[in-house]
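**Student:** What follows is a predicted protein model with its sequence.
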Amino acid sequence: MTALRLIHAAAALVATAALADTLWTGLDERGAALAFGVLVTVGELVRWTGAQVREAAPIGAAGALAYALLGEDAGHATRHDAPQVVAVVLAAALLGSVPHIWRGRTPTLDHLARRVLTVGFAAVCFQPLYSRGVFETWGGPAYALLLVALLSLTALCDALLAAALAHSRSRWPFGPLLRDELRGLVGIGSAVCATGAVIALAIAVAGLWALPVFCLPLLLTQQSLRRYAAVRATYRQTIASLARATEIAGYTPAGHAHRVAALSRAVGRDLGLTRPELTVLEYAALMHDIGQLSLVDPVPAGATAVLPAEEQRRIALLGGAVVRQTGVDAAVAVVVERQADPYPEQPLAARIVRAVNAYEEKTRDAGPGGQLKALEELRLGTAGEYAPEVVESLARVLWNQRGGGSLSDRAAGWVTHG
């Protein structure tokens, strides 16, 4: 949690300094400050809270970045400085976050810390140099490219902050988290940066009337992404309903597929899978037992891990065939089909599903010490059945979920608390 505290402390320090400076020197160009403050507030009010996205408030982010890079207003040089930019954006973001704070829907503190630091970075890089006349000779394409370059650097800083915050809170590997953030720059991140640059350039020529005009496309983009997220949510619910078919038919215990999916996703995160790979893993874990629907005689308690290898492969192949008929992504069917293969021949997602399913079956009705015993059985099976790196990752995930300490304490912790 050191990085989390450091980022929050840095944001608090920047915010305090900016507010103190603005209160001491006064607010310059109150009309522009009010206009951008309203835009950021509206952007925060309509913040996206229904799905996991890289930028939850794209309109607010674009407005804040445009204010940080604003050099002229209708042909007249602006006088606001970097502290005022941070102060106005912070006040507007806090005002727009009140409903979200009241409902407790989003990690607002992390969101505000990222907003303060990224906007502060952009403003510090641009405003002091602009006020000294460094960019007076920069015109046309050169000036536009300058804004794009500054916004690109700001987006990279924001991606680093987002990955560091997620790593501190979840303890997932930093590298895959950063890759996911950087991949997100191609989508809504690039739209935010482009809109911020266009707003700053348009206001320099047309004045503050350009604000609503150039924010409208980003608002429409956000609404389209909302609809896309709703479709994806419905798609996942459909897969979850299909996975429950084995439970309803009495082939597997209630909640088994969901427990395997949740634990598989955590292990996949620990092993560094990207977001698309985690989605395939989750869907495959939800549907890993669907092949049992083709059996005449159900497996006792749905425990396929104790069946002979050939029987496991037959059920896996039947499951893959069912998945393909449902129209789900073919990558999910491959994972389901290959979950019973020898682990050296399996893709990583299939290795994870196999090990996690076996662990869940072994601990289902186990008493005290059952988790430790199940892990030891999995370790003994790493000679041919289970991938060693997956078993070790599973142990790390379980230990972290129990609030454990260092890896060297793991064995003693399982004995003491198991």
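**Tutor:** Looks like it came in fine.
**Student:** which helices and strands does whatever helix or strand residue 331 lives in pack with?
**Tutor:** Take DSSP states H and E as the rule and residue 331 turns out to sit in helix 330-337. Helices and strands touching helix 330-337, by 3 or more C-beta pairs under 8 Å, 6 or more residues apart in numbering; DSSP states H and E, are helix 275-286, helix 309-326, helix 348-363. Glycine gets a C-beta too; all of them are placed from N, C-alpha and C.
**Student:** low-confidence ranges in this protein?
**Tutor:** 1, 49-56, 105-107, 296, 302, 365-368, 403-418 (pLDDT under 70).
**Student:** Which residue ranges of it form strands?
**Tutor:** 72-73, 76-77 (DSSP state E).
**Student:** who's in contact with the helix holding residue 331?
**Tutor:** Identification of contacts with helix 330-337 by C-beta atoms under 8 Å, 6 or more residues apart in numbering yields 280-281, 283-284, 287-288, 290-291, 316-317, 319-321, 323-324, 347, 349-350, 353.
**Student:** hmm, which of those residues are the buried ones?
**Tutor:** Among these, the ones that count as buried by 16 or more other C-beta atoms under 10 Å are 280-281, 283-284, 287-288, 290-291, 316-317, 319-320, 323-324, 347, 349-350, 353.
**Student:** Can you lay out the helices and strands packed on helix 330-337 as JSON lines showing distance to residue 28?
**Tutor:** Below are the helices and strands packed on helix 330-337 laid out as JSON lines (distance: least, C-beta to C-beta, whole Å):
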{"stretch": "helix 275-286", "distance to residue 28": "43"}
{"stretch": "helix 309-326", "distance to residue 28": "61"}
{"stretch": "helix 348-363", "distance to residue 28": "56"}
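**Student:** I'd like to know which of these lies nearest to residue 195.
**Tutor:** With distances scored as C-beta to C-beta, the stretch of those nearest to residue 195 is helix 275-286 (23.9 Å).
**Student:** same for the closest one, what does it pack against?
**Tutor:** Looks like helix 275-286 contacts helix 210-243, helix 256-270, helix 330-337, helix 348-363 (3+ C-beta pairs under 8 Å, 6+ apart).
**Student:** Pull the distance from that helix to the chain's centre.
**Tutor:** From the chain centre to the centre of helix 275-286 is a distance of 14 Å (C-alpha atoms, centre = their mean, to the nearest Å).
**Student:** ok, and what's touching that helix?
**Tutor:** 180, 183, 236, 239-240, 242-243, 257-258, 260-261, 264-265, 268-269, 273, 328-329, 331-332, 335-336, 339, 349-350, 352-353, 356-357.
**Student:** Going through those, which ones are buried?
**Tutor:** 180, 239-240, 242-243, 257, 260-261, 264-265, 268-269, 273, 328-329, 331-332, 335-336, 339, 349-350, 352-353, 356-357.
**Student:** Could you report the distance from residue 263 to residue 283?
**Tutor:** 15 Å (C-beta to C-beta, to the nearest Å).
**Student:** again, but for residue 64
**Tutor:** 37 Å.
**Student:** residues contacting residue 357?
**Tutor:** So residue 357 contacts 260, 285, 288, 289, 304, 305, 339 (C-beta under 8 Å, 6+ apart).
**Student:** mind listing which of the residues you listed are in helices?
**Tutor:** 260, 285 (DSSP state H).
**Student:** In TSV: the contacts of residue 357, plus distance to residue 132.
**Tutor:** Listed next are those as TSV, based on distance: C-beta to C-beta, whole Å:
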residue	distance to residue 132
260	61
285	58
288	63
289	67
304	71
305	70
339	63
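**Student:** if we take the contacts of residue 357, which one ends up nearest to residue 36?
**Tutor:** residue 285 (45.8 Å).
**Student:** neighbours around the closest one, how many?
**Tutor:** Neighbour count for residue 285, taken as other C-beta atoms under 10 Å: 30.
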